[in-house]
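In: Predicted model, plus sequence, below.
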Amino acid sequence: MLSLPSQLLLRNTDIFENGKWAIVNPSDAAIFDELRGPSMDITGLHQFHDIYFQSENTSKFLQVFAASFGIDDLKDKQQLDGAVIFLPKAKQHLEMLIANMTDLVKVGGKLLIVGENKAGIKSVGKLLARLGSTVNKIDGAKHCGLISVEIETPNKSAFEIKQFGVIRKYLVNDQELKVFSLPGVFGHKQFDPGTQLLLAQFEPRCVKLVNMKGQVLDFACGTGIIGTYFAKLNAKVKVTMSDVSALAIYCSKQTLELNAVEGKVIASDGMKQVEGYFDHVVSNPPFHTGIRNDYSITQQFIAQAHKQTRPRGTLDIVANKFLPYSEVMSGLYFRSKTLVSTNKYNIYEAAK
């Protein structure tokens, strides 16, 4: 079944009947199949590889996967008459998307935001008012809203994603790392305490880190701090980082470059696009899809990581204490144990 914001948008398909449109970060690939009007000219703009991959394989419309979008990504390289942004979780992420779309939508064109009430759709009118005086609520139902503005004020300068990025220095086991982050990426402007606890198990001279060699996977890499730490401190490993988010991919590449180390960074829906076998898998895996808890992401990751771990290979993850991952790991791996337990987190280690 389509998400509630997608259902609301489909009540208003007439908006797509005229001109060139983009749908940004839709929550459902199937929405493109529902937009069948012969005159519809729509491009899907995606920052999440799972929906992009599904859309690319099923839709007749052009689909683009990137951290940011430029005129060259659009059909015929012409500005849009309108764009619809699916409301993201983070307000700063929305502000970044609005700035990006203001570059792509012509003056006089429409910018729409669709989302759930509990995700904050009622407050987006204030953001849109910066672009034009005509802000309207086009529709509201299913605990969702669809808000529109006619763009009167273009960007003063071309959109540049790096302007929204932040570089912070963190001490990781007394080793300084520079980390690049963007809104909407896990670890933005902070060194997550769960990640700190996980990396504390790999101090520079400890046996656990010294004995590591071969291929290392940092799954759900976010800003890239985990993979970059291993690449910087252990020359015997080759690091691969993966994430579903194009923004995370961008951040991880920047973080590697800032620390003058190398690693492979790939976009992947879970482990689906991750190829090869690994000697070590290290992760602070997600348990959210949008604003909802989704334990299946990590459960599927653990199962697939087991398949792609070499004999005697290891899996180390950090998880909130309430998450039910210990049983999943012990049911798959030869050996599984809890290394550290605090009042909030558990660090699990498993060996194949």
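Out: Now that the structure is in, tell me what you want to look at.

In: Which residue ranges of the stretch 51-200 of the chain form helices?
Out: Using DSSP state H, counting those that start in this stretch, the helices of the stretch 51-200 of the chain run over 91-104, 125-128, 193-199.

In: what's next to the shortest one, contact-wise?
Out: Right, helix 125-128. Residues from elsewhere that reach helix 125-128 (CB atoms under 8 Å, 6 or more residues apart in numbering): 94, 95, 98, 111, 113, 135, 137, 147, 148, 149. To be clear about C-beta, it is placed using only N, CA and C from the backbone, and glycine gets the same treatment.

In: quick one: which of the residues you listed sit in strands?
Out: Among the contacts of helix 125-128, the members falling in strands (DSSP state E) are 111, 113, 135, 137, 147, 148, 149.

In: As JSON lines, those with neighbour count and distance to residue 263 would be great.
Out: Conversion of the ones in strands among the contacts of helix 125-128 to JSON lines gives the following (neighbours: other CB atoms under 10 Å; distance: CB to CB, whole Å):
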{"residue": "111", "neighbour count": "27", "distance to residue 263": "36"}
{"residue": "113", "neighbour count": "27", "distance to residue 263": "35"}
{"residue": "135", "neighbour count": "18", "distance to residue 263": "44"}
{"residue": "137", "neighbour count": "12", "distance to residue 263": "46"}
{"residue": "147", "neighbour count": "24", "distance to residue 263": "40"}
{"residue": "148", "neighbour count": "22", "distance to residue 263": "42"}
{"residue": "149", "neighbour count": "24", "distance to residue 263": "41"}
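
In: would you list the residues you listed in CSV and tack on pLDDT and distance to residue 58?
Out: Conversion of the ones in strands among the contacts of helix 125-128 to CSV gives the following (pLDDT from 0 to 100; distance: CB to CB, whole Å):
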residue, pLDDT, distance to residue 58
111, 98, 26
113, 98, 25
135, 95, 34
137, 96, 31
147, 98, 28
148, 97, 27
149, 97, 31
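
In: Please report how far residue 3 lies from residue 278.
Out: Per CB to CB, to the nearest Å, residue 3 is found 34 Å from residue 278.
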